[in-house]
Structures are given as C-alpha cells and as structure tokens.
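*Asks:* how would this look folded up:
(chains A, B, C and D)
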Number of protein chains: 2
Amino acid sequence: MTDQPRPHHHGNLREALIVAGLELMEEGGPDALTLRKCAKRAGVSHAAPAHHFNGLPSLKAAIVARGYRMFAQTMRDYRAAAKSDPQAQLAAICDGYIAFSRQHMAVFKFMFQPHDLANETLDKTTATELKHESTASYQILQQACAPFAPEKTDPASMEIMIWSLVHGYAMLFCNPCENGLSPPQTIPDFSQILPKLKLKTNSARK
Amino acid sequence: MTDQPRPHHHGNLREALIVAGLELMEEGGPDALTLRKCAKRAGVSHAAPAHHFNGLPSLKAAIVARGYRMFAQTMRDYRAAAKSDPQAQLAAICDGYIAFSRQHMAVFKFMFQPHDLANETLDKTTATELKHESTASYQILQQACAPFAPEKTDPASMEIMIWSLVHGYAMLFCNPCENGLSPPQTIPDFSQILPKLKLKTNSARK
DNA sequence: CCTTTTATCTTGACACTGTCAAGATGGCTG
DNA sequence: CAGCCATCTTGACAGTGTCAAGATAAAAGG
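*Replies:* Down below sits the predicted model:
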C-alpha cells in the first residue's frame, strides 16, 4: 500500500525498457517503438533511458539481441523434441526457425530488418550482447548443417544454402501479401521444400 | 539567367520527391529519408509533398515501387545477355537479383524491409503502382522457374524454393557483418550454390 | 478577353520525437 | 559520518509528420 510511485531507483530499468520496447513493437509495429514511450511504460522520466542506452539505436540493438536469445531458444526446444538423426534435427531447427518467425513476427521482422545500427554508436554492453546472441543463433544452424557438408568442401557453402532457404521462406510471410513481392495464392509448407534438397550425410557411408 | 527560384508549379514534383528520397537513402541510410528533406531537395516548401503523397508511408511505398522497377529491369537485362537454355536463363536472373542487391543496397534493403505501410493508408496512385511493379518483378522469376517445376506439382513450390534461396543469399550481404546473423568468414559465390539444387527441366525428356 | 475553377504550393502552427545539459536523489564505499 | 557515484528528473532545443488556411498560377468556360 505504500504506493510511492517511483523509488527513484528503478532497480532494473534496462531490462524493463527492453520488454517495454518489445511490447510496443508487437502492439503497434516497428514505428511505435519510441524512447519516450518505453520510458513512460517503465514508469520513468523521458530522459532516463539515456543512462542505459546511448541513444535509440542502442535500445533497438538490445531488443534485437533479446530477439536472438528467444530465437535460439525456440530452435533449441524444437531440436530437443525431435529424433536424433541429422535429417530430423535439421528439419526441427528449420521448423523452429519458421515457428519463431510466426509467433514473434514483429520482433523477427525487426531483427532481420537492416538498421542503421551496428555502427560504433552502440554502448559496449549492448554491442557485445548483440554479438553474442546472434552468433549463438548461427551456431545452432551451423551444427545442424555440418553433417550434410560434402567432404573436402567448405561447410559454409552448405550452411549458407540452407540458411538462405529457410530464411527466405520465413521472410515470405512477413509481408501482408498486399505489398512487396507477395507470392501467388498458396505457399507450400516448408516440410515439402526442404526434402527437395535431397541432403545426404557425409558420414553415412562410413 | 532568369533565376526565379521557384516557378510555384514544380512541374513534376512527385517524380522529383521520389528521386530525392532515393538519393537521401543512399547517402544516409533509411532513417535519413524525411519528408522535409525531400521537399527541400526538390526546392519546395516543407508541406508540399502532402499534396502528392498522403503522408510519409506513401512516399516510402512509392520509393519501394520505383525500386521494384529498377529491380525488374536489372533482371531483364541479365536475362537478355544470357544464353537461351533454361538453366542459363535462371542463373542469369539470379545473378541480376544479386547484382541489384549489391549495386543498390540501400533501396534493396528498404524494399524488403517490412514497413508498416501496405495498409490502406496509401493513396491510390501509389498503391496500384506498388502492386504493379512488384508483381512484374515476381513474374520474371516465375517465368524462369517454370521449366523446372516437376509435372503434376504446383509450380509455386519450385518458385518459392528458388526465390527463398536467392533472396536469402542476397540478404546475407545486407548487414555489415558486425551485427545480425553474420555468416562466418567467406561466403561462397552464388554460382556455386545454385547448381546444388541439381535442377532438371520437366520437358527435357520429351 | 475576362472570370471562375481547380490543381498546386506556401505559411504557420501543433504535438511528438531524440538528445543534451544541469540538477536532484539516494545507495554505496571509505 | 562524509563523499562519491550511479541513477533518475527537469527543462530545453532542433527536427519530425501532419493539419488548416491562404496564396498563386495554370487551365477551363463564357
């Protein structure tokens, strides 16, 4: 009942601002993300965020980093629930990839939307956070692709092919089908597309 | 010499605003695109654009539409310079796709970045323009993919697979390799990736 | 030729944004 | 207890999109 509205020290403002930003984006699209609105939603003055993020781009980067964390976790969950053979593992990760893009479309769009950030204008915490979470996500995909890289070839080639495929596919659903390169009528399920690659494990013969 | 600065009637303000917007975006990134700056660059008062675009989203949509036009033209040029067999035609279109994404990276990123637009807030001219140019682009890809769709299957399946692949690949280069899902070291050329699909024409046997 | 209409642009204003500077608050270390 | 320092507030500024009202000039109609 002691309703002192603001204890002056929020306690965990940085975190609160990130989740406020996520909420705002899910509710009103990317342009609804605003420093002042985040501050208000966190119950804090309009200039408070400046002490945790060196500007709006840094807050955006932190949100993207948070998105990567959720993204990686989704893929891990799907992977854990699948069989252990390489095909099933890769398919599971792709399913997780696409599932995340549907469930958290706003964040997903925002994550892979090319911002002006990534410059050196980010505060160090956010920059390292972003780097860490994004490489963690990529490594999950990388591990799943490794069994399919033909011997004597750069595994990156296979990674990029699969990554391109699933990412491009996920991106197709991000536009409301009215503008942009909207595909014709119905889009086949990804489970019908991945097998077209006819992937073979490199150690299957051994 | 009769330097009357503004003839009050610009003559072709809509067009001038679009190219101004394209320039601004190439120079300073997506966030540098501003109604007022476009107006100033076109030599016009800050509220003039409102008479040609019903708000900033519409101007953005018009710029995207212009991007699609250049995009389609690039693919047509590449296609025209290639051999006439289906493999070469498809490869050429993919090369054009990727070439455009490199040469006009700012616009390319902007085109495929999910905006809040596409809503019904667009003025009719811009909306139909956008729809027209984007479907024209997709049809080019569609035609090139058609020969490879296995009979008795929905050709959309093959289109989407190839589209996903080339689009995802092109997207990989849009981030300055510091943030986002940056791939490891070196990225193989797309000419090494497309053949992995081992595409066969459906009428080759006939 | 003159008048009326209409498209086009200007001016001014408003609320909102990000960002900076300066001060207030309160927990922490010494 | 004193002082420090991270944290937050207040106030201000330039820049933004958007709206309303008026000015301008080209076109249309007699």
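*Asks:* and the helix or strand of chain A with the lowest mean pLDDT, anywhere near chain B?
*Replies:* Taking mean pLDDT, DSSP states H and E as the measure, chain A has helix A:155-172 as its least confident helix or strand, at a mean of 88. Yes: counting by C-beta under 8 Å from any C-beta of the partner chain, chain B has neighbours in helix A:155-172: A:156-157, A:159-161, A:163-169, A:171-172. The way it works is simple: take the backbone N, C-alpha and C, and place the C-beta from them, glycine included.
*Asks:* for that helix, packing partners?
*Replies:* helix A:86-103, helix A:124-145, helix B:155-172 (3 or more C-beta pairs under 8 Å, 6 or more residues apart in numbering or on different chains; DSSP states H and E).
*Asks:* got the CA coordinates for it in PDB?
*Replies:* Backbone C-alpha positions of helix A:155-172 (Å, rounded to 0.1, in the frame of the first residue of the first chain) are rendered in PDB as follows:
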ATOM      1  CA  PRO A 155      30.900 -26.300 -44.800                       C
ATOM      2  CA  ALA A 156      30.000 -22.700 -45.100                       C
ATOM      3  CA  SER A 157      28.600 -23.400 -48.500                       C
ATOM      4  CA  MET A 158      26.000 -25.800 -47.300                       C
ATOM      5  CA  GLU A 159      25.200 -23.600 -44.300                       C
ATOM      6  CA  ILE A 160      24.500 -20.600 -46.400                       C
ATOM      7  CA  MET A 161      22.400 -22.600 -48.800                       C
ATOM      8  CA  ILE A 162      20.200 -23.900 -46.100                       C
ATOM      9  CA  TRP A 163      20.200 -20.700 -44.200                       C
ATOM     10  CA  SER A 164      19.200 -18.800 -47.300                       C
ATOM     11  CA  LEU A 165      16.400 -21.200 -48.000                       C
ATOM     12  CA  VAL A 166      14.800 -21.200 -44.600                       C
ATOM     13  CA  HIS A 167      15.300 -17.500 -44.000                       C
ATOM     14  CA  GLY A 168      13.900 -16.600 -47.400                       C
ATOM     15  CA  TYR A 169      11.000 -18.800 -46.800                       C
ATOM     16  CA  ALA A 170      10.300 -17.300 -43.400                       C
ATOM     17  CA  MET A 171      10.500 -13.800 -44.800                       C
ATOM     18  CA  LEU A 172       7.800 -14.600 -47.300                       C
END
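*Asks:* which of the residues of helix A:155-172 next to chain B tops the neighbour count?
*Replies:* Most neighbours among the residues of helix A:155-172 next to chain B, by other C-beta atoms under 10 Å in any protein chain shown: A:Leu165, with 28 neighbours.
*Asks:* Between the helices and strands packed on helix A:155-172, which one is closest to DNA strand C.
*Replies:* helix A:124-145 (12.7 Å; C-beta to the nearest atom of the strand).
*Asks:* Tell me the buried residues in that closest one?
*Replies:* Residues A:126-127, A:129-131, A:133-134, A:137-138, A:140-142, A:144-145 are the ones in helix A:124-145 that count as buried (16 or more other C-beta atoms under 10 Å in any protein chain shown).
*Asks:* of those, closest to B:Ala47?
*Replies:* The closest of these to B:Ala47 turns out to be A:Thr126 (C-beta to C-beta; 37.3 Å).
*Asks:* For A:Asp123, grab phi and psi.
*Replies:* When read as degrees, to the nearest 10, the backbone of A:Asp123 gives phi -70, psi 160.
*Asks:* quick one on the thing from earlier: what I need now is the residues of helix A:155-172 next to chain B written out in a markdown table, including distance to A:Leu199 for each item.
*Replies:* Listed next are these as a markdown table, based on distance: C-beta to C-beta, whole Å:
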| residue | distance to A:Leu199 |
| --- | --- |
| A:Ala156 | 16 |
| A:Ser157 | 13 |
| A:Glu159 | 12 |
| A:Ile160 | 14 |
| A:Met161 | 10 |
| A:Trp163 | 14 |
| A:Ser164 | 14 |
| A:Leu165 | 11 |
| A:Val166 | 13 |
| A:His167 | 17 |
| A:Gly168 | 17 |
| A:Tyr169 | 16 |
| A:Met171 | 22 |
| A:Leu172 | 21 |
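*Asks:* I'd like the residues you listed as JSON lines, with distance to DNA strand C appended.
*Replies:* As requested, the residues of helix A:155-172 next to chain B are exported to JSON lines (distance: C-beta to the nearest atom of the strand, whole Å):
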{"residue": "A:Ala156", "distance to DNA strand C": "36"}
{"residue": "A:Ser157", "distance to DNA strand C": "39"}
{"residue": "A:Glu159", "distance to DNA strand C": "35"}
{"residue": "A:Ile160", "distance to DNA strand C": "34"}
{"residue": "A:Met161", "distance to DNA strand C": "38"}
{"residue": "A:Trp163", "distance to DNA strand C": "32"}
{"residue": "A:Ser164", "distance to DNA strand C": "33"}
{"residue": "A:Leu165", "distance to DNA strand C": "35"}
{"residue": "A:Val166", "distance to DNA strand C": "32"}
{"residue": "A:His167", "distance to DNA strand C": "28"}
{"residue": "A:Gly168", "distance to DNA strand C": "31"}
{"residue": "A:Tyr169", "distance to DNA strand C": "32"}
{"residue": "A:Met171", "distance to DNA strand C": "26"}
{"residue": "A:Leu172", "distance to DNA strand C": "30"}
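*Asks:* what domains does the record give for chain A?
*Replies:* A:11-52, A:64-197 (automatic domain parsing).
*Asks:* Among those domains, which comes closest to DNA strand D?
*Replies:* Nearest of the domains of chain A (C-beta to the nearest atom of the strand): domain A:11-52, 2.8 Å.
*Asks:* OK, contacts around the spatially closest residue to A:Val64 that is not a sequence neighbour?
*Replies:* In this structure, A:Val64 finds its nearest non-sequential neighbour in A:Met111, 5.1 Å apart by C-beta to C-beta, 6 or more residues apart in numbering or on different chains. By C-beta atoms under 8 Å, 6 or more residues apart in numbering or on different chains, the contact list for A:Met111 reads A:64, A:67-68, A:71, B:180.
*Asks:* hmm, 10 Å instead?
*Replies:* Going by C-beta atoms under 10 Å, 6 or more residues apart in numbering or on different chains, A:Met111 touches A:63-68, A:70-71, A:100-101, A:104, A:133-134, A:137, B:179-181.
*Asks:* One more: A:Met161?
*Replies:* A:145, A:148, A:197, A:199, B:165, B:168-169, B:188, B:190, B:192-194, B:196-197 are the contacts of A:Met161 under C-beta under 10 Å, 6+ apart.
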